[in-house]
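Student: Sharing a model that was predicted from the sequence below.
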Amino acid sequence: MQSSKQIFFEIRNLAVTYSPESDRPIRALDGIKLGIYPGEVIGILGESGCGKSTLANALLRLLPQHAKLEGAIFFRDRDLLRLTDKSFREIRGREISLIPQDPASALNPVIKVGSQIREVLRAHFPTKGEQSRDRVMDLLREVGFVKPDNIYSAYPHQLSGGQRQRIVIAQAAACRPTLLIADEPTSKLDPALKAEIVALLSQIRKQHGTAILVISHDPTVLAGLADRIAVMYAGRIVEVGTSAAIFSRPLHPYTEALMRIATSSVITGAMVKGRVPSIEGESPNPSCLPVGCRFESRCSERMDICSRQYPLEFMPEPSRPVNCFKYEE
């Protein structure tokens, strides 16, 4: 894919700092660099609190007012951070859209779901009543509803969690965006429903050539879905590689720990039972980050230099950037 296509979406040195009035500034993202190719599915993998959702909201300029953004986000040679609010609203939802983490809170409880999907279409296309209704019915069928008429007229509380997840996917895909950002799309679903949502995202990518950025704390969700995986820790990307490479030969000690936990969880059934094992130790406080490697205190392979400076990006294998002094020549 990379050899025959050009990057159409590129994040360059993106940083996000939250500066609430009553607390110290929090560096949620720091120096994020990532390119996405047309039709590619790329996973963002990391523990809760590593900055994954902040990244999703930053890409769509949905951060609170006290958040400061630095760097650049290029979409088809336009820096999204430099666009006016009006210009960006024309892109958000139409060319770049979000599948939110919690459908229950994202959907309006007093509006029927069919009308909520139609609102997305009306915001970007001058469609008439019957025309937009027909389009919504097609979308409902596309996301797996056998009887779309019943779903169209239902309120969110009348639907199951899996059905609500399909509704927000239909909303996000309504305008045939070039890029879908899926923020933990399976986090509150049982294993069977997880598999269905993963299959649905794969179907959208295959049918429409949609690029998808999938955010997850669960490596097993990305295993059969992502072409590449970027591993995040404490606001930084520490490793990038193909999905096959990340799972078969993780390079960063943090990635190794995540893969080890994922493997043991599948074997013991811990994730199925809702008990997700974790790495020993705690992530650093984002309001007081260390000068060295942010994983150093939890790393069994740490060296003296790890506490003194942050590791540069090394390339131990082609197209495998990793921030770890293990690979310093």
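Tutor: Structure's in. What do you need? Residues are numbered from 1 along each chain as shown.
Student: Which residue comes closest to residue 296 once chain neighbours are left out?
Tutor: Excluding the flanking residues, the one nearest residue 296 by C-beta to C-beta, 6 or more residues apart in numbering is residue 306, at 4.3 Å. Using the backbone N, CA and C atoms, a C-beta is placed for each residue, glycine as well.
Student: actually residue 75, sorry about that
Tutor: Distances taken as C-beta to C-beta, 6+ apart put residue 9 closest to residue 75, at 5.3 Å, once the chain neighbours are dropped.
Student: cool, and residue 279?
Tutor: residue 257 (4.8 Å).
Student: before we move on, what about residue 49?
Tutor: Among residues not flanking residue 49 along the chain, residue 283 sits closest, at 6.0 Å (C-beta to C-beta, 6+ apart).
Student: is it true that the one you found touches residue 51?
Tutor: No. If you go by C-beta atoms under 8 Å, residue 283 and residue 51 don't touch, sitting 10.1 Å apart.
Student: shared neighbours, those two?
Tutor: Both residue 283 and residue 51 are contacted by residue 234, under the criterion C-beta atoms under 8 Å, 6 or more residues apart in numbering.
Student: So these two - more neighbours on which side?
Tutor: residue 51 (23 against 19; other C-beta atoms under 10 Å).
Student: Check whether the more buried one really touches residue 238, as I assumed.
Tutor: No. Between residue 51 and residue 238 there is no contact under C-beta under 8 Å: 11.6 Å.
Student: joint contacts of the two?
Tutor: residue 232.
Student: Pretty sure residue 241 sits in a helix.
Tutor: No. Applying DSSP: H, G, I helix; E, B strand; the rest coil, one finds residue 241 to be strand, outside a helix.
Student: give me every residue that touches it.
Tutor: If a contact means C-beta under 8 Å, 6+ apart, then residue 241 has 228, 229, 251, 317, 319, 320 as its contacts.
Student: Can you tell me how far it is from residue 83?
Tutor: Distance, residue 241 to residue 83, using C-beta to C-beta, to the nearest Å: 32 Å.
Student: Ok, residue 144 next?
Tutor: Counting by C-beta to C-beta, the separation of residue 144 from residue 83 is 35 Å.
Student: One more: residue 215?
Tutor: 23 Å.
Student: before we move on, what about residue 249?
Tutor: Distance, residue 249 to residue 83, by C-beta to C-beta: 40 Å.
Student: More neighbours: which of those two?
Tutor: Each of residue 249 and residue 83 has its neighbours counted (other C-beta under 10 Å); residue 83 has more, 16 against 13.
Student: Could I get the contacting residues of that one?
Tutor: residue 91.
Student: Check residue 27 too.
Tutor: Residue 27 touches 15, 16, 17, 235, 286, 287, 289, counting by C-beta under 8 Å, 6+ apart.
Student: Next, format those as TSV and append distance to residue 106, secondary structure and neighbour count.
Tutor: Shown next, in TSV, are these (distance: C-beta to C-beta, whole Å; DSSP: H, G, I helix; E, B strand; the rest coil; neighbours: other C-beta atoms under 10 Å):
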residue	distance to residue 106	secondary structure	neighbour count
15	27	strand	17
16	21	strand	22
17	26	strand	18
235	25	coil	27
286	25	coil	22
287	29	coil	14
289	31	coil	17
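Student: Now do the strands in the protein.
Tutor: 9-18, 26-36, 41-45, 67-75, 78-79, 96-99, 179-183, 211-216, 228-233, 236-242 (DSSP state E).
Student: List the pairing partners of the third one within its sheet, with orientation.
Tutor: Taking DSSP bridges as the criterion, strand 41-45 sits next to strand 211-216 (parallel), strand 228-233 (parallel) in its sheet.
Student: Who is the residue nearest the centre of the chain paired with across the strands?
Tutor: The residue lying closest to the centre of the chain (C-alpha atoms, centre = their mean) is residue 215, at 2.7 Å. Counting by DSSP bridges, residue 215 forms beta bridges with residue 44, residue 183.
Student: ok, back up a step: and the contacts of residue 241 as TSV, adding pLDDT, neighbour count and distance to residue 138?
Tutor: Converted to TSV, the contacts of residue 241 look like this (pLDDT from 0 to 100; neighbours: other C-beta atoms under 10 Å; distance: C-beta to C-beta, whole Å):
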residue	pLDDT	neighbour count	distance to residue 138
228	98	23	31
229	98	28	32
251	97	24	44
317	93	13	44
319	90	11	38
320	96	17	41
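Student: re the thing from before, could you dump the contacts of residue 27 to JSON lines with pLDDT and distance to residue 136?
Tutor: Output for these, formatted as JSON lines (pLDDT from 0 to 100; distance: C-beta to C-beta, whole Å):
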{"residue": "15", "pLDDT": "97", "distance to residue 136": "39"}
{"residue": "16", "pLDDT": "97", "distance to residue 136": "35"}
{"residue": "17", "pLDDT": "96", "distance to residue 136": "40"}
{"residue": "235", "pLDDT": "97", "distance to residue 136": "39"}
{"residue": "286", "pLDDT": "90", "distance to residue 136": "41"}
{"residue": "287", "pLDDT": "89", "distance to residue 136": "44"}
{"residue": "289", "pLDDT": "93", "distance to residue 136": "46"}
